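>>> Quick check, what structure comes out for this input:
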Amino acid sequence: MSTVTSLQSAAPEHFDVLIVGAGISGIGAAHHLLETCPGKSFVMLENKESFGGTWRQHTYPGIRSDSDLYTFGYGFKPWAGKPIAEAGAILDYLEEAIEDDHLEQYIRYSHQVLSASWSSDDQCWTVRAERKDTGEAMTYTANFLWMCQGYYRHEKGYTPEWDGMDDFKGPIVHPQTWPEDLDYKGKRVVVIGSGATAATLIPNMADDCEQLTMLQRSPTYFWTGENRNELADRLRELEVDETTIHDIVRRDILKQAQDIQVASEQYPEMVKEELFKVIRDWLGEDFDMTHFTPSYRPWQQRIAYVPDGDLFDVIKSGKVNVVTDHIERFTENGILTKSGELLEADIIVTATGFNLCVMGDIAFDLDGEPVNFADTVSYRGFMSSGVPNMASMFGYLRSSWTLRVDLVCALVCRILNNMDEKGASSVTPTLLESEKDMELLPWITDDVFNPGYLKRSLHLMPRQGAQEPWKNVTDYYVERELLPKVDVNEEQLVYTTGPQKAVANG
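Predicted coordinates:
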């Protein structure tokens with residue numbers, strides 16, 4: 001795929017919409033723009049050398065989605081492969097989406113966005129970036145800024161600071177920045193972590209390691225089964241077209257997932273037993289199930305899917321040892337646990353999560369005043385109070401990320417078209433006088449979802465209100481009914497034709 005480049009003129013290039021990021025969110029946003037706002041000019045700035053975001057960044061063994069691609073894929077583009085797909089297949093799918101819409105002409109690769117400044121006088125954003133391949137300073141202006149850059153820092157994953165890390169003689173590796181030349185063949189490896197990343201790495205490394213240990217502070221809920229969709233296979237046998245198959249299977253998976261989420265809240269012990277039963281069927285009744293018994297109820301954190309039971313196969317075979325304990329310290333030759341056990345290692349892999357970033361860690365200002373997004377209130381989870389002409393994408397946490405991309409993109413395009421109909425140059429989510437004393441809550445509350453990466457960074461995120469439209473609804477099954485019905489002329493959306501020139505809603 002070719003990279004589009006252009007010579008920078010003396011004046012900044014101007015676009016109606018500037019999209020930051022060419023990953024799964026940015027590609028989805030561009031599709032919706034072309035389909036729903038065909039007259040809008042736009043550009044996509046991507047800091048990597050190619051598209052794909054997360055799926056380009058992660059290169060560790062076996063890297064795959066932990067969501068099924070019938071729902072993780074776009075609603076507008078059928079998926080015909082295995083439900084749980086490896087990164088290469090996902091990148092192929094995204095490349096097809098780019099080719100389908102001829103998006104390559106809109107993408108500027110190797111552009112690291114540094115700052116975004118809003119001018120009320122000019123009613124536009126000025127975005128400054130650096131060409132990572134040439135070091136050239138680039139400047140763009142845009143009426144509307146669409147942040148699709150992802151939600152974690154790609155350059156460095158999260159690794160806690162443990163005592164003695166400097167004493168360890170071997171490499172300490174985070175999966176997010178996996179070295180191309182890492183040789184673990186015949187080596188003793190300890191993987192710290194128990195989430196989807198660890199569950200992917202371990203079965204893909206086990207055959208090559210002399211000894212492999214999964215060290216977890218606390219267990220994760222797992223679910224497993226064949227990496228196939230029986231309904232999709234049956235429909236293909238009946239020669240149903242792929243678009244129809246995609247739609248039917250997507251609906252079926254979403255209905256099943258909704259039933260499981262409801263059951264997890266209402267009957268958590270029953271769901272636990274079902275999850276445990278599946279694991280016992282793989283590992284046998286004698287296996288110590290404390291290693292797979294979390295302290296929280298199902299779906300307070302993601303339930304990690306293990307396709308074809310590959311993680312359980314390598315545990316059952318004896319190739320992988322599971323240890324549930326806390327780390328006392330690192331030593332020259334491995335890790336000493338709180339219980340006094342020494343886990344010998346030549347390599348330690350820290351599958352311990354990532355660092356959340358807010359708006360790509362870009363410096364924002366409004367008329368010269370820096371923006372602290374923690375001081376804003378989230379408008380329906382994708383705009384921020386007091387910040388004009390900007391949307392940001394953050395997908396679902398308990399359902400596939402892309403489901404929210406499709407819903408929010410459709411709403412953003414409705415807002416853009418409404419601006420055109422009004423002759424408005426800006427739209428700003430604004431608290432009403434009656435809402436300024438409203439109770440404010442964390443962007444996501446513990447009872448909804450509580451993984452470590454969120455809890456570590458919630459203080460950086462916008463707040464949410466206790467009432468519509470300031471709630472950050474993270475439930476797909478609510479938003480799929482709610483967002484398409486949002487009145488884009490509701491009072492909290494203030495449209496203007498210029499500085500202090502409001503346009504009446506309605």
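
>>> show me where the stretch 1-150 of the chain has helices.
24-36, 54-57, 69-72, 87-101 (DSSP state H, counting those that start in this stretch).

>>> What residues of the last one count as buried?
If I follow you right, that is helix 87-101. Using 16 or more other C-beta atoms under 10 Å as the test for burial, helix 87-101 gives 87, 89-91, 93-95, 97-98, 101. For every residue, glycine as well, the C-beta is placed using N, CA and C.

>>> beta partners for the nearest residue to residue 309 once chain neighbours are set aside?
Spatial nearest neighbour of residue 309, excluding adjacent residues (C-beta to C-beta, 6 or more residues apart in numbering): residue 224 at 4.6 Å. Beta-bridge partners for residue 224, by DSSP bridges, are residue 306.

>>> closest one to residue 404 among the helices of the stretch 1-150 of the chain?
Residue 404 lies closest, by C-beta to C-beta, to one member of those: helix 24-36, at 9.1 Å.

>>> quick one: low-confidence parts of this protein?
Filtered on pLDDT under 70, the chain yields the residue ranges 1-10, 446-453, 500, 502, 504, 506.

>>> C-terminal to the helix ranked longest in it, what's the next element?
Longest among the helix segments of the chain by residue count, using DSSP state H, is helix 242-266. Proceeding N to C from helix 242-266, the next assigned helix or strand is helix 268-283, under DSSP states H and E.

>>> which residues in the stretch 301-450 of the chain form strands?
In the stretch 301-450 of the chain, the strands defined using DSSP state E, counting those that start in this stretch lie at 304-307, 320-324, 327-331, 334-337, 342-344, 347-350, 363-366, 369-370, 378-379, 383-384, 390-392, 426-429, 440-441.

>>> what would those strands look like in CSV with mean neighbour count and distance to residue 469?
Below are those laid out as CSV (neighbours: other C-beta atoms under 10 Å; distance: least, C-beta to C-beta, whole Å):
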stretch, mean neighbour count, distance to residue 469
strand 304-307, 21, 33
strand 320-324, 18, 43
strand 327-331, 17, 44
strand 334-337, 20, 48
strand 342-344, 15, 50
strand 347-350, 24, 40
strand 363-366, 16, 21
strand 369-370, 8, 25
strand 378-379, 26, 6
strand 383-384, 24, 9
strand 390-392, 24, 14
strand 426-429, 22, 8
strand 440-441, 14, 14
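
>>> can I get those in CSV with distance to residue 242?
Compiled in CSV, those are given as follows (distance: least, C-beta to C-beta, whole Å):
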stretch, distance to residue 242
strand 304-307, 21
strand 320-324, 37
strand 327-331, 48
strand 334-337, 48
strand 342-344, 47
strand 347-350, 38
strand 363-366, 42
strand 369-370, 49
strand 378-379, 37
strand 383-384, 35
strand 390-392, 31
strand 426-429, 38
strand 440-441, 42
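
>>> For residue 148, which of the ones you listed is the nearest?
Across the strands of the stretch 301-450 of the chain, closest to residue 148 is strand 390-392 (C-beta to C-beta), at 7.9 Å.

>>> Strand partners (parallel or antiparallel) of that closest one?
strand 137-147 (parallel).

>>> mind listing what's buried in the partner strand?
138, 140-147.

>>> Show me the contact partners of it.
Applying C-beta atoms under 8 Å, 6 or more residues apart in numbering, the external contacts of strand 137-147 come out as 8, 12-21, 26, 29, 43, 45, 108, 111, 116, 122-131, 359-360, 389-393, 412, 416, 425.

>>> Let me see the domain layout of the protein.
13-154+356-423, 173-350 (automatic domain parsing).

>>> As a markdown table, those domains with distance to residue 165 would be great.
Listed next are those as a markdown table, based on distance: least, C-beta to C-beta, whole Å:
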| stretch | distance to residue 165 |
| --- | --- |
| domain 13-154+356-423 | 20 |
| domain 173-350 | 5 |
